[in-house]
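Asks: Build me a structure from this.
(one chain, ligands or ions: 1)
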Amino acid sequence: MKKLVAFIILFALLVPLFYGCSEVSEKLTVSVSIYPFYDAVKSIGGDYVDAILIVPVGSSPHTFTLTPQLVESLSKAKVIFVNGFGLESFISSLTNSLNTKVVSLSDGLKEIIANYGGNPHIWLNPDYFVKQCEVIKNTLIDLDPSHKEIYEKNFETYTNSILENARALKEKLSTLKNRNIITFHAAFPYFSEYFGLNVLKSIKRDPNNLPGPKDIAEVESLIKQYNIKAVFKEPQQSSEIYNAIVEDTGVKVLTLNPLGGSDETKTYIDLMKYNVNTIYEALNG
Ligand SMILES: [Zn+2]
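Replies: Prediction:
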């Protein structure tokens, strides 16, 4: 009798374990290069997709390098979603070490990117981000057709909510008289296109180079000419990159975030809100 009871208890303990395993293995594992696509995959894939983020929150895709552990964990992914157009400089070493299919989310936007001199930061315009999400949705359906309807429904909900929020934020900025911004890194032309802002200058194409004397002189003359009260850096940068300019002109240094993933930018919508509100506060003063 004791043996029977022990057997029943053991069986009761093991059954959920087996169920647990089969549920885990049914999930589709995909990988994404940057955080905005992580938010998209989580929102569209819901309970049926696991996502692996390659560039950690707080790091820059321009300078990120792969670790062997990351390559190992990526071998589980059925597909890797990237922005493309030179954003992910680590991608060639990744495709050399893995057979996983890489899907560029921006191929359908290449003419727009060409008009911006090949600048890759296209996800920051919500209209273009929705197009990238459509590629994610279609790829998930190709890989896992049994959940097609769920992916389609999640895509509609997610992108409608993004566009609704984007329109409201654009409306908020429409009351501003001064729409000129100066950024450190050239990440915001598409964002500015959508929200009706004017990027007077981006100091560097690559966020890791410091401004030279020529950059400093040019920025200071723009600050005076356009009555600029604040300039923008990125989260991983120290305000010290603007030291000379702040000393000469007294501008404030504020932070814009092109990627998100921090506590206040956990979703694409929160990321838009954060950037729009930061710019609004800077220009409304
Ligand atoms: Zn960038």
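Asks: all strands for the stretch 51-200 of the chain, in order.
Replies: 79-82, 101-104, 180-185, 198-204 (DSSP state E, counting those that start in this stretch).
Asks: quick one: which of the ones you listed is nearest Leu210?
Replies: Leu210 sits nearest to strand 198-204 of all the strands of the stretch 51-200 of the chain, at 8.0 Å, using CB to CB. Any C-beta I mention is one placed from the backbone N, CA and C, and that applies to glycine too.
Asks: and that closest one, what does it pack onto?
Replies: strand 180-185, helix 189-195, helix 213-225 (3 or more CB pairs under 8 Å, 6 or more residues apart in numbering; DSSP states H and E).
Asks: Reformat the ones you listed into CSV and put mean pLDDT next to each item.
Replies: Putting the helices and strands packed on strand 198-204 into CSV (pLDDT from 0 to 100) gives the following:
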stretch, mean pLDDT
strand 180-185, 94
helix 189-195, 98
helix 213-225, 94
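Asks: Present the strands of the stretch 51-200 of the chain as JSON lines; the columns should include distance to Phe232 and mean neighbour count.
Replies: Output for the strands of the stretch 51-200 of the chain, formatted as JSON lines (distance: least, CB to CB, whole Å; neighbours: other CB atoms under 10 Å):
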{"stretch": "strand 79-82", "distance to Phe232": "26", "mean neighbour count": "23"}
{"stretch": "strand 101-104", "distance to Phe232": "28", "mean neighbour count": "17"}
{"stretch": "strand 180-185", "distance to Phe232": "5", "mean neighbour count": "22"}
{"stretch": "strand 198-204", "distance to Phe232": "9", "mean neighbour count": "17"}
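Asks: Of the ones you listed, which is nearest Thr278?
Replies: strand 180-185 (10.1 Å).
Asks: Can you pull up the most central residue in the protein?
Replies: Pro36 (2.9 Å; CA atoms, centre = their mean).
Asks: what sits against that one?
Replies: For Pro36, the contacting residues are 123, 129, 259-260, 268, 271, by CB atoms under 8 Å, 6 or more residues apart in numbering.
Asks: again with Leu66
Replies: Counting by CB under 8 Å, 6+ apart, Leu66 makes contact with 54, 90, 93-94, 97.
Asks: excluding its backbone neighbours, what's nearest Leu173?
Replies: Phe195 (5.3 Å; CB to CB, 6 or more residues apart in numbering).
Asks: again, but for Ser73
Replies: Ile52 (6.1 Å).
Asks: So what pairs up with the one you found in the strands?
Replies: In this structure, Ile52 bridges to Ser31 when assessed by DSSP bridges.
Asks: Now for Leu105, how many residues are close by?
Replies: 26 (other CB atoms under 10 Å).
Asks: what about it, distance to Leu259?
Replies: 15 Å (CB to CB, to the nearest Å).
Asks: same question, Pro68
Replies: Separation of Pro68 from Leu259 (CB to CB): 24 Å.
Asks: And Thr255, its phi and psi?
Replies: Main-chain dihedrals, Thr255, degrees, to the nearest 10: phi -110, psi 120.
Asks: Okay, now the unreliable bits of this protein?
Replies: 1-25, 205-208, 285 (pLDDT under 70).
Asks: Which parts of it belong to which domain?
Replies: 26-169, 176-284 (automatic domain parsing).
Asks: Noted, bye for now.
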